[in-house]
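Undergrad: Starting from these lines, generate the structure:
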Amino acid sequence: MSAVEAERTVGVADALPPIAPTRLEPPRLDPIPAEVLPSPKSIRQRKRPEPRWLAQIAIDFSCFVLAALVGVTIRLDFDVSPENARAALLLGIVMGVLQMTVGYANGLYRGRSRYTSFDNVLAVTVVDVVITVFVWVAIFITRPTGLPRSLAVVTGVLALLFMFGVRFIARWWWLRQLTRAHHESTIIVGAGENGEQLVRAMVSDKSSPFLPVALLDDDPAKRRLRLYGVPVKGRTSDLDKVLRDTGARNVVVAISNAEAAQLLDFDTVCRRVGAKLRVVPSSSQVVGGAVTLGDISEVTDEDLLGRHPVEVNEEGISELFRGKRVLITGAGGSIGSELSRQMHRYSPAALYLLDRDESALHQVSLSIDGRALLDGDNLVLADIRDHDRLSHVFDMVRPDIVFHAAALKHMPLLEQAPLEAWKTNVLATKAVVDLAVSYGVSTFVNISTDKAADAENVLGYSKRITERVVAGAKTTDDTHFISVRFGNVLGSRGSVLTTFRAQIARGGPVTVTDPEVSRYFMTVAEAVHLVLQAASLGERNGVLVLDMGEPMRIVDVAHKLIEKSGRDIRVEFTGLRPGEKLHEKLFCSDEVPRSTSHPRVSFVETEPLFDVEVAPLGSDAEALALLVRYGSAVPVARQGESISA
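TA: The predicted structure follows:
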């Protein structure tokens, strides 16, 4: 408050009449109804052990009494006098009372561990040893008559065996109860860490719909292994036989790195005998490294056709994004939205999602945090072709890392609209790159496509130019501007799977351009995870190419989906479209790939394009001429030359 305001306040206060003091009465509080308050009886009941644990206390007490009587009989060679029997009975009662007291204090009878779990076995053993040592010392000091000093040790050992036996019998009985009607017999493929976690979850969770009856594993060392009573009954190649022998209705593949070809084999066997095939996520999708029952899902077409699990350096990826501000363009698209979801797991300092489609932003926001209010500062509605808006976004966000996934990507449409490809894929990308340089972005990743390798269509030309533009960015030694090139991702909007499913749903025909046409496939989640790994490698001014495995014939994909549908649908060949290749390539003819620190990522040098002069083009023909000139397999522009648009 300023001096003038203070004076005004004082003046007004002086002019007011004095206020008589008022006595403040404490607020009256209505009594809380007695039925709302918990009764002392209910409070006492909450502190009492559950009936199951009361029974266990009684059983453990009885084990010590029985152990003392058996122990003295053995110790005295079955020549037990009444005095010896009374002394042994008293010893058993004392040790039993100590077991109850120490065990309860140690949490043994308060539900902290389950029967035959490691924690339970350890707790029982520790309590028994403590009691045995204490009583043995007491007997050694007091030297009571009629009681052998070694009887405390014999009683402790026998009681421990009896308590273990009771627990294992209880466990066996409990497992037998799991064979109720709502539990479906299940075979688990893979007896490794994932398999062990799933078996444990299935047998310990009474609400689980799965009852494990067998395990399969190719490791000879696990041939006679049993996990929680479930045996390994053979190799993965024995799936058909074990399914028929056990009558199992479910097969869960607990191998995170299972390839698509292996899953296809399992799926064929399962469909032949009428079983359901289920999988756990790939290692890149498992949260926290532990597999749970909630992670089990039915196998998808994407799993069967494009699953190529990758091992990545999670620590390296996490280190790249820790404390950084990240901007993703095209965040509402198939690649951009998966980038957003996976990036969110690494908890960057800030994650900004940019797209011109408000509905797409709504969907990706909902998939990340479950909120649909669209009121977050991290959601950026913008068109990358609007330079003024884009400049404002960079000024507001000040990103450290940019993933540029915004692009026009449908090849047949772009063949008819080269000018649109020029505006969005070339000029807008150039604008994003220039702003990233101006605002000191340390890492810039441009999402490219295998159609850029020896390009023969508008999409390929435009994406090849973006690779060259990124390679020609005016960066410093501390910045890394790179493009990442890969093939088709399954599950994306407009992918071949989406098209085939729609055609099958309509009753066909399923259209394929050519009997021999083939493409590289990978699930979107695995492709994006490799993109994140590529971004952390520290390469610059070139193109990182992802290993997509072996290409697959499109007609084989069509036949597989038709076979799964169980319908009689014909395949119709329509002929290659303008600009479409029979087989895609990952590398240009003149590119020489070199290995990187990751076996699934290669690096190729790219001829840089240092400048793009922005000027309006009058027609698609003009745009096509520039696209062909600067994006063809043997570019006319030489190093250092700029595009005049």
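Undergrad: Now find how far off-centre stretch 233-253 is within its chain.
TA: In terms of CA atoms, centre = their mean, to the nearest Å, the centre of stretch 233-253 is set 27 Å apart from its chain centre.
Undergrad: Name the residues that touch that stretch?
TA: The contact list for stretch 233-253 (CB atoms under 8 Å, 6 or more residues apart in numbering) reads 184-190, 198, 210, 213-218, 262-263, 266, 269-270, 272-280, 296, 299. Bear in mind the C-beta positions are built from the backbone N, C-alpha and C, glycine included.
Undergrad: for the stretch of helix or strand Val545 belongs to, what is the average pLDDT?
TA: Val545 belongs to strand 542-546 when elements are defined using DSSP states H and E. Mean pLDDT, strand 542-546: 93.
Undergrad: helices or strands up against that strand?
TA: Here strand 542-546 touches helix 458-471, strand 480-485, helix 524-535, strand 601-605, going by 3 or more CB pairs under 8 Å, 6 or more residues apart in numbering; DSSP states H and E.
Undergrad: Report the inter-axis angle for that strand versus strand 601-605.
TA: Orientation check (axes from the mean of the first three to the mean of the last three CA atoms, to 10 degrees): strand 542-546 against strand 601-605 gives 150 degrees.
Undergrad: Can you list the strands that the very next helix or strand once past strand 542-546 pairs with?
TA: Going down the chain from strand 542-546, the next helix or strand is strand 552-553, by DSSP H and E. Here strand 552-553 has these sheet partners by DSSP bridges: strand 518-519 (antiparallel).
Undergrad: Adding distance to Val203 and mean neighbour count, write the helices and strands packed on strand 542-546 out as TSV.
TA: Output for those, formatted as TSV (distance: least, CB to CB, whole Å; neighbours: other CB atoms under 10 Å):
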stretch	distance to Val203	mean neighbour count
helix 458-471	52	28
strand 480-485	44	25
helix 524-535	30	24
strand 601-605	41	19
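Undergrad: For Phe444, find the nearest of the ones you listed.
TA: Closest to Phe444 of the helices and strands packed on strand 542-546 is strand 480-485 (CB to CB; 4.3 Å).
Undergrad: For that closest one, give me every contacting residue.
TA: Under CB under 8 Å, 6+ apart, the answer for strand 480-485 is 433, 436, 442-450, 452-453, 466-467, 470-471, 473, 475, 531, 534-535, 538-546, 586, 606.
Undergrad: mind redoing it with 6 Å?
TA: Applying CB atoms under 6 Å, 6 or more residues apart in numbering, the contact partners of strand 480-485 are 443-446, 448, 467, 470, 473, 475, 531, 534, 539-540, 543-545.
Undergrad: ok, the following helix or strand past it: who's next to it in the sheet?
TA: Later in the chain than strand 480-485, the nearest helix or strand by DSSP H and E is strand 488-490. Each strand paired with strand 488-490, and its direction, by DSSP bridges: strand 521-523 (parallel).
Undergrad: Quick one: mean pLDDT over the partner strand.
TA: 83.
Undergrad: cool, and stretch 122-131?
TA: Per-residue pLDDT values across stretch 122-131 average out to 83.
Undergrad: Which residues belonging to that stretch are considered buried?
TA: Ala123, Val124, Val127, Asp128, Val130, Ile131 (16 or more other CB atoms under 10 Å).
Undergrad: Can I get those residues in TSV including distance to Leu54?
TA: Shown next, in TSV, are the buried residues of stretch 122-131 (distance: CB to CB, whole Å):
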residue	distance to Leu54
Ala123	17
Val124	17
Val127	17
Asp128	20
Val130	22
Ile131	20
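Undergrad: Need the three-state assignment for Val199.
TA: Taken by DSSP: H, G, I helix; E, B strand; the rest coil, the conformation at Val199 corresponds to helix.
Undergrad: Quick check, it in contact with Arg226.
TA: No. When contacts are counted by CB atoms under 6 Å, Val199 is not listed as touching Arg226 (9.7 Å).
Undergrad: Give me the more crowded residue out of those two.
TA: Val199 (23 against 12; other CB atoms under 10 Å).
Undergrad: what residues are up against the more buried one?
TA: The neighbours of Val199, taking CB under 6 Å, 6+ apart as the test, are Pro212, Leu227, Tyr228, Val230.
Undergrad: Help me confirm that the second one comes into contact with Leu198.
TA: Think Leu227. No. Contact criterion CB under 6 Å: Leu227 and Leu198 do not qualify, at 9.3 Å.
Undergrad: Counting neighbours, go ahead and name the busier of these two.
TA: Leu198 (26 against 19).
Undergrad: Show the pLDDT at the more buried one.
TA: 88.
Undergrad: Assess the claim that it and Ile255 are in contact.
TA: No. Using CB under 6 Å, Leu198 is not in contact with Ile255; the gap is 11.1 Å.
Undergrad: nearest residue to Gly330 other than its sequence neighbours?
TA: Leaving aside its chain neighbours, Gly330 sits nearest to Ala406 (3.2 Å; criterion: CB to CB, 6 or more residues apart in numbering).
Undergrad: Kindly report the same for Pro578.
TA: Glu415 (5.4 Å).
Undergrad: can I assume the one you found sits in a helix?
TA: Yes. Assessed with three-state DSSP, Glu415 lies in a helix.
Undergrad: Between which two of the contacts of strand 480-485 is the distance greatest?
TA: Across the contacts of strand 480-485 (CB to CB), the longest gap, 20.4 Å, separates Thr475 and Val545.
Undergrad: ok, the two, which is more surrounded?
TA: Each of Thr475 and Val545 has its neighbours counted (other CB under 10 Å); Val545 has more, 25 against 19.
Undergrad: Let me know how buried the residue nearest to Ile74 when sequence neighbours are not counted is, in neighbour terms.
TA: Leaving aside its sequence neighbours, Ile74 sits nearest to Val154 (CB to CB, 6+ apart; 6.9 Å). Counted by other CB under 10 Å, the residues lying close to Val154 total 19.
Undergrad: Val154 against Val70, yeah?
TA: No. Using CB under 6 Å, Val154 makes no contact with Val70, being 8.5 Å away.
Undergrad: Can you spell out which residues form a bridge with Phe403?
TA: Per DSSP bridges, the residues bridged to Phe403 are Ile328, Val445.
Undergrad: in the stretch 101-250 of the chain, which spans are strands?
TA: If DSSP state E, counting those that start in this stretch is used as the criterion, the strands of the stretch 101-250 of the chain fall at 184-189, 210-216, 226-227, 230-231, 250-253.
Undergrad: Pick the most deeply packed of the ones you listed.
TA: Mean neighbour count (mean count of other CB atoms under 10 Å) peaks for strand 250-253 among the strands of the stretch 101-250 of the chain, with a mean of 25.
Undergrad: Need the CA coordinates for that one. CSV is fine.
TA: Extracted C-alpha coordinates of strand 250-253, given in CSV (Å, rounded to 0.1, in the frame of the first residue of the first chain):
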residue,chain,number,x,y,z
ASN,A,250,-5.9,-70.3,-23.9
VAL,A,251,-2.3,-69.9,-24.9
VAL,A,252,-0.4,-66.9,-23.5
VAL,A,253,2.9,-66.0,-25.1
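Undergrad: Which parts of the stretch 501-645 of the chain are helices?
TA: Assigned by DSSP state H, counting those that start in this stretch, the stretch 501-645 of the chain shows helices spanning 524-535, 554-565, 620-631.
Undergrad: quick one on the thing from earlier: Val135 is nearest to which of the strands of the stretch 101-250 of the chain?
TA: strand 226-227 (36.5 Å).
Undergrad: partners of that closest one in the sheet?
TA: Partners of strand 226-227 in its sheet, by DSSP bridges: strand 230-231 (antiparallel).
Undergrad: What average pLDDT does the partner strand get?
TA: The average pLDDT for strand 230-231 rounds to 88.
Undergrad: Pull the residues that contact it.
TA: For strand 230-231, using CB under 6 Å, 6+ apart, the contacting residues are Val199, Pro212, Leu215.
Undergrad: Swap in 8 Å and give it another go.
TA: The contact list for strand 230-231 (CB under 8 Å, 6+ apart) reads Ile188, Val199, Val203, Pro212, Val213, Ala214, Leu215, Arg224, Leu225.
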